[in-house]
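Visitor: Here's a sequence, model it:
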Amino acid sequence: MTQGIFPTFFLSGFECSTFAWKDRGRRDLAAELQHYAQADADYAMLRPLGIAVAREGVPWPMIDRGGSFDFSSIDPFLDAQRRHGVLPVWDLCHYGYPDGLDPLGHDFAPRFAAYAKAAARYVGERAHHGPLCFTPMNEPTFWGYMGGEWGWCAPFGGSADYRRRFTAALARADLAAVRAIREDFPDARMVHIDPLIWVVPPRDRPDLAEAARRESYDDAYLAWDIISGLKMPELGGSPEAIDILGFNNYSFGQMEYREGGPHAALPPGDDRIRPLCDLVEEAWRKYERPCIIAETSGLRGGRPDWLNDVASESLAAVRRGVDLHGVCLFPAVDMTDWHSGEWLHNGIADVEPQADGVLRRVPFTPYVEALHRWQRKLNRATELDADSYDRAVNLSEIRGAARRLEVEGDADWH
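Guide: Numbers count the residues shown, from 1 in each chain. Purely as a prediction, here's the structure:
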């Protein structure tokens with residue numbers, strides 16, 4: 001038996017961005033989605049899905065009072081996790097930092113480390129089960145693009161140079177947080193998350209091939225390289241610090257290069273699309289750390305087919321030797337498009353606004369049924385029992401299922 005890290009192979013999570021948005025100021029997506037108010041129901045929904053692990057956010061900008069911290073806003077999450085037997089992976093910074101703080105300033109990393117230490121103590125004292133799991137900085141490389149080059153959110157940068165410096169600053173702060181947390185909780189696990197991407201040049205612009213390659217293999221890995229110690233070793237990165245790799249995967253992650261960005265998503269059927277298992281294997285072999293698919297979802301009626309594709313690609317990667325510990329179907333509850341505010345219909349549950357203002361959660365039945373089919377194929381429980389933590393996932397069973405099903409990588413993402 002090879003013991004996994006988590007009690008279930010399928011994970012989920014809740015949208016928790018706290019960015020200062022370009023035209024709307026500070027936002028708290030958990031509040032917009034009524035997740036604080038409906039935390040108990042949101043976590044209760046996971047039990048009949050057989051999901052005992054969920055990514056959850058601690059809203060740094062709303063908690064940090066410049067030296068003191070008020071964590072009471074996450075008490076509903078802690079209560080619901082305990083009540084429904086769900087292990088959290090805490091996102092400590094999901095695109096948002098306190099007003100007045102310069103991410104490129106000298107005080108950014110120490111302040112984040114102090115907050116991370118306090119957050120770990122707060123949840124550690126109230127945790128119903130171990131291990132304590134954290135994502136210090138969510139998607140530092142992607143945040144580098146959307147906040148450091150495209151100007152969607154703070155710090156509203158506008159160049160590739162600023163983007164790289166911003167990403168490096170986020171990685172530096174991440175490492176400071178890892179050290180601060182492990183002073184109190186040396187066994188805490190860290191999940192370091194960024195998107196898996198693939199960038200190709202336009203067919204009529206072979207002169208952009210090197211720029212596309214650099215984005216695929218250099219820029220996309222910048223934060224992981226720093227946190228693992230492959231780059232800027234003076235910051236203290238190491239394989240132990242990066243710990244667990246989290247690979248986010250969406251259809252728009254395979255792109256055609258655009259000067260100035262953002263790039264254009266490759267359409268289904270494009271012959272330049274690569275199998276997801278290829279991207280997973282490449283990233284994993286670079287660091288050789290345990291990994292998960294940390295976010296993935298289809299849209300609307302395509303969600304079951306997307307799950308079928310991702311599950312197959314994940315098992316194909318397992319057949320190649322990748323140390324994969326889980327697949328996170330994210331989000332559990334639908335979320336809105338950051339730009340337009342329209343519902344994306346990418347959650348396990350859709351949202352139906354009611355006349356009284358309540359955002360009612362309605363599980364999307366075909367998606368749930370597809371999840372249960374895969375759980376049965378992998379010999380996983382389709383709902384949680386009274387003790388969700390009696391044993392971790394037996395990865396030998398996952399590897400056996402991958403061999404039995406004879407799955408192969410497939411570039412067809414229809």
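Visitor: C-alpha from now on. contacts and neighbour counts both.
Guide: Fine.
Visitor: Past the longest helix that the chain contains, which element shows up next along the chain?
Guide: Longest helix in the chain, counting residues (DSSP state H): helix 160-184. Using DSSP states H and E, the helix or strand that follows helix 160-184 towards the C-terminus is strand 189-195.
Visitor: packing partners for that next one?
Guide: strand 133-135, helix 140-148, helix 239-242, strand 244-249 (3 or more Cα pairs under 8 Å, 6 or more residues apart in numbering; DSSP states H and E).
Visitor: Any chance of TSV for those, columns distance to Q3 and mean neighbour count?
Guide: Formatted as TSV, those follow (distance: least, Cα to Cα, whole Å; neighbours: other Cα atoms under 10 Å):
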stretch	distance to Q3	mean neighbour count
strand 133-135	17	24
helix 140-148	29	25
helix 239-242	19	20
strand 244-249	15	24
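Visitor: I51: neighbour count?
Guide: Around I51 there are 28 other residues, counting by other Cα atoms under 10 Å.
Visitor: just checking, it touches G13?
Guide: No: using Cα atoms under 8 Å, I51 makes no contact with G13, being 9.9 Å away.
Visitor: any weak-confidence spans in this structure?
Guide: Residues of the chain meeting the criterion pLDDT under 70: 1, 413-414.
Visitor: any idea how far L11 is from E32?
Guide: Between L11 and E32 the computed distance is 23 Å (Cα to Cα, to the nearest Å).
Visitor: do the same with D75
Guide: D75 sits 18 Å away from E32, going by Cα to Cα.
Visitor: again, but for R24
Guide: For R24, the distance to E32 equals 13 Å [Cα to Cα].
Visitor: From the neighbour counts alone, determine which of those two ranks first.
Guide: Neighbour count, other Cα under 10 Å: between R24 and E32, E32 has more, with 14 against 10.
Visitor: Contacts for stretch 294-301, please.
Guide: The contact list for stretch 294-301 (Cα atoms under 8 Å, 6 or more residues apart in numbering) reads 12, 193, 246-251, 303-307, 310, 327-331, 344-347.
Visitor: now do 10 Å
Guide: 11-13, 55, 191-195, 245-251, 303-307, 309-310, 326-332, 343-348, 350, 364, 366-367 (Cα atoms under 10 Å, 6 or more residues apart in numbering).
Visitor: Enumerate every residue touching G236.
Guide: Residues in contact with G236 (Cα under 10 Å, 6+ apart) are R172, L175, A176, R179, I226, I227, S228, G229.
Visitor: Same question for G246.
Guide: 135, 138-139, 190-196, 284, 290-295, 324, 326-328.
Visitor: Please name the bridge partners of it.
Guide: On the basis of DSSP bridges, G246 is bridged to I193, I292.
Visitor: Just the element for the residue lying closest to A370 once chain neighbours are set aside, please.
Guide: Spatial nearest neighbour of A370, chain neighbours left out: P304 (5.6 Å); criterion: Cα to Cα, 6 or more residues apart in numbering. Assignment of secondary structure by DSSP H and E places P304 within helix 303-319.
Visitor: Dump the C-alpha coordinates for that helix into PDB.
Guide: Output in PDB follows, covering the C-alpha atoms of helix 303-319 (Å, rounded to 0.1, in the frame of the first residue of the first chain):
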ATOM      1  CA  ARG A 303     -18.900  19.800 -17.200                       C
ATOM      2  CA  PRO A 304     -19.400  16.000 -17.200                       C
ATOM      3  CA  ASP A 305     -17.300  15.700 -20.400                       C
ATOM      4  CA  TRP A 306     -14.600  17.900 -19.000                       C
ATOM      5  CA  LEU A 307     -14.400  15.700 -15.900                       C
ATOM      6  CA  ASN A 308     -14.200  12.600 -18.000                       C
ATOM      7  CA  ASP A 309     -11.300  14.200 -20.000                       C
ATOM      8  CA  VAL A 310      -9.400  15.400 -16.900                       C
ATOM      9  CA  ALA A 311      -9.900  12.100 -15.000                       C
ATOM     10  CA  SER A 312      -8.600  10.200 -18.000                       C
ATOM     11  CA  GLU A 313      -5.600  12.500 -18.500                       C
ATOM     12  CA  SER A 314      -4.800  12.300 -14.800                       C
ATOM     13  CA  LEU A 315      -4.800   8.500 -14.800                       C
ATOM     14  CA  ALA A 316      -2.700   8.500 -18.000                       C
ATOM     15  CA  ALA A 317      -0.200  10.700 -16.100                       C
ATOM     16  CA  VAL A 318      -0.300   8.200 -13.200                       C
ATOM     17  CA  ARG A 319       0.500   5.400 -15.700                       C
END
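Visitor: elements contacting the helix or strand that it is followed by?
Guide: The first helix or strand that comes after helix 303-319 along the chain, using DSSP H and E, is strand 324-329. In terms of contacts (3 or more Cα pairs under 10 Å, 6 or more residues apart in numbering; DSSP states H and E), strand 324-329 is packed against strand 10-13, strand 53-57, strand 244-249, helix 276-287, strand 291-296, helix 303-319, helix 395-405.
Visitor: I'd guessed V322 sits against I293; true?
Guide: No: V322 is beyond contact range of I293, at 11.7 Å (criterion: Cα atoms under 10 Å).
Visitor: Name the residues contacting each of these two.
Guide: With contacts taken as Cα under 10 Å, 6+ apart, V322 and I293 have V280, S314 as neighbours in common.
Visitor: of the two, who's got more company?
Guide: Between V322 and I293, counted using other Cα under 10 Å, the more crowded position is I293 (26 against 23).
Visitor: Run through the residues that contact the residue lying closest to R26 once chain neighbours are set aside.
Guide: Spatial nearest neighbour of R26, chain neighbours left out: A20 (4.1 Å); criterion: Cα to Cα, 6+ apart. By Cα under 10 Å, 6+ apart, the residues touching A20 are 26-28, 61, 95-99, 147, 152-156.
Visitor: any idea which of those residues is the one closest to V280?
Guide: Ranked by distance to V280 (Cα to Cα), the contacts of A20 are led by Y95 at 24.0 Å.
Visitor: quick one: contacts for the closest one?
Guide: The contact partners of Y95, taken as Cα under 10 Å, 6+ apart, are 16-21, 59-61, 137-140, 142-144, 146-147, 153-154.
Visitor: pretty sure D410 contacts R274?
Guide: Yes: with contacts counted by Cα under 10 Å, D410 reaches R274, the gap being 7.8 Å.
Visitor: Can you give me every residue that contacts the closest residue to F247 other than its chain neighbours?
Guide: Excluding its sequence neighbours, the residue lying closest to F247 (Cα to Cα, 6+ apart) is I293, at 4.8 Å. By Cα under 10 Å, 6+ apart, I293 lies in contact with 10-11, 193, 195-196, 245-249, 280, 310-311, 314, 324-330.
Visitor: Thanks a lot, see you next time.
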